[in-house]
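*Asks:* Pasting the sequence and the predicted coordinates here, then a few questions.
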Amino acid sequence: MRIHDLPTPALILDRAVVARNTERMAARVAGTGVRLRPHMKTAKSARVAELATAGQFGGITVSTLAEARYFAAAGIRDLTYAVGMVPGKLAEAAAIQRDGARLTLLTDDPGAATALADKASELGERFDVLVEIDSGGHRGGVAPEAPELLAIARILDEAENLNLAGVLTHAGHSYHCQGVAEVKAVAEQERQAAVRAAARLGEAGLPCLTVSAGSTPTALHAESFEGLTEIRPGVYMLFDLDQVGLGSCAVEDIGISVLASVIGHQRPHNRINIDAGSLALSQDRSAEEFLPDVGYGWVMAPDGRTRIGDLHVAAVNQEHGMVAGASPLPFDALPVGARVRVLPNHACITAAAYDRYHVVDGGDEVIDVWDRVNGW
């Protein structure tokens, strides 16, 4: 089968590109003393995890318990669930552990830590728990100098069925940096926040085996990992236009695209319609922060490598993508039924619409179909 035979829209993954991306990150951490715990929330695929963990210690990061169940069933047994844990989900986490996986949890709240301790005792299951640190993104976590850090840590350390595993942070604000110099500064801010939090635990006589940080931009551009024990980048496996704009990768490093069909011409409005709308592409326009003429994604030729002029998906409805450009569009070259490929702004959100990848290996022949896990 070739991609021209696929029903559209379809999610295409180029294995050669993804393998190159994972090898690049492996080379990045080699010799640094930090472990690579890839975050699978973007790819959500056991087959991609095989590439990302090759030559590494084997642990991964997940963002849902559905991911934890899926990857544990695939044989990956060292999992960090990097989203704040609530007691209501602990029974499911216990079931995953009883099936043979080790699931490390996360909290940033003293009350939640106490409730988790009580629930873990009720379930008779022991969990490792990390304290989340806010390194500047303000999405979650406690500040490195906050009194709550030690309060949470003591609750975890003293709990009968919890182990204080260390600290974790995520520099999500790196996704809004203007240029590599800013990313490097955020990477250092992230590192210092995690290392300082770990130092405070040590000064208080509390254990801190894990000092975890990571986003794709900071993992790629950090000038030092000193004091960290692991990093957790994720989108680097697939990349997207957002990361191109940030300077994390080049266009040719984007490993996924959405195959779409031309379904109509709107010549009076200089628009071409494709069958990939908001459900197939997402409504994420984050790359507009960095790149011109991007809209909901760049429109590429069927080879997925060559952009067609300055064409981009300028507007979307649920099942319609409206392609625009500054010059008259190439209607004759893109008749109804023609195929194009759209590069995503945000790989995580675009890929979430699909339950499988149609895999190519640098060409247009579909060599395999890889599953992925969705939901919670």
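*Replies:* Received the coordinates, thanks.
*Asks:* next SSE after the longest helix belonging to the chain?
*Replies:* With DSSP state H setting the assignment, residue counts place helix 180-203 as the longest helix in the chain. Going down the chain from helix 180-203, the next helix or strand is strand 210-213, by DSSP states H and E.
*Asks:* buried sites along the longest helix of the chain?
*Replies:* 182-184, 186-198, 200-201 (16 or more other CB atoms under 10 Å). Glycine gets a C-beta too; all of them are placed from N, C-alpha and C.
*Asks:* what's the domain layout of this protein?
*Replies:* As assigned by automatic domain parsing, the chain contains the domains 3-10+249-371, 15-237.
*Asks:* what distance separates the start and the end of the shortest one?
*Replies:* Taking CA to CA, to the nearest Å, domain 3-10+249-371 runs 17 Å from one end to the other.
*Asks:* Let me see the mean pLDDT of that domain.
*Replies:* For domain 3-10+249-371, mean pLDDT is 97.
*Asks:* In CSV, please show the C-alpha coordinates belonging to stretch 120-128.
*Replies:* C-alpha atoms of stretch 120-128 as CSV (Å, rounded to 0.1, in the frame of the first residue of the first chain):
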residue,chain,number,x,y,z
ALA,A,120,-2.4,4.2,50.1
SER,A,121,-2.6,2.7,53.6
GLU,A,122,-6.2,1.7,53.0
LEU,A,123,-5.2,0.0,49.7
GLY,A,124,-2.2,-1.7,51.2
GLU,A,125,0.0,-0.5,48.3
ARG,A,126,3.2,1.4,48.5
PHE,A,127,4.0,4.3,46.1
ASP,A,128,7.0,6.4,45.3
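*Asks:* So which residues make contact with that stretch?
*Replies:* Contact with stretch 120-128 is made by 90-91, 93-94, 97-98, 102-105, 116, 159-163, 165, as judged by CB atoms under 8 Å, 6 or more residues apart in numbering.
*Asks:* 7 Å - rerun?
*Replies:* With contact meaning CB atoms under 7 Å, 6 or more residues apart in numbering, stretch 120-128 is reached by 90-91, 93-94, 97, 103-105, 159-163, 165.
*Asks:* what does stretch 368-376 give?
*Replies:* For stretch 368-376, using CB under 7 Å, 6+ apart, the contacting residues are 13, 44-45, 47, 64-67, 70, 352, 354-359.
*Asks:* what about the helices in the stretch 51-200 of the chain?
*Replies:* Ranges of helices within the stretch 51-200 of the chain are 65-73, 90-98, 110-123, 147-158, 180-203, based on DSSP state H, counting those that start in this stretch.
*Asks:* likewise the stretch 251-376 of the chain?
*Replies:* Using DSSP H, counting those that start in this stretch, helices in the stretch 251-376 of the chain cover 278-281, 347-351.
*Asks:* And these: which comes nearest S261?
*Replies:* The closest of the helices of the stretch 251-376 of the chain to S261 is helix 278-281. By CB to CB, the value is 11.1 Å.
*Asks:* for the closest one, which positions count as buried?
*Replies:* Applying a neighbour-count criterion of 16+ other CB under 10 Å, one finds S278, A280, L281 buried in helix 278-281.
*Asks:* just checking, what packs against it?
*Replies:* Packing partners of helix 278-281 (3 or more CB pairs under 7 Å, 6 or more residues apart in numbering; DSSP states H and E): strand 307-316.
*Asks:* The strand it packs on packs against which elements?
*Replies:* Strand 307-316 packs on helix 278-281, strand 298-300, strand 321-324, going by 3+ CB pairs under 7 Å, 6+ apart.
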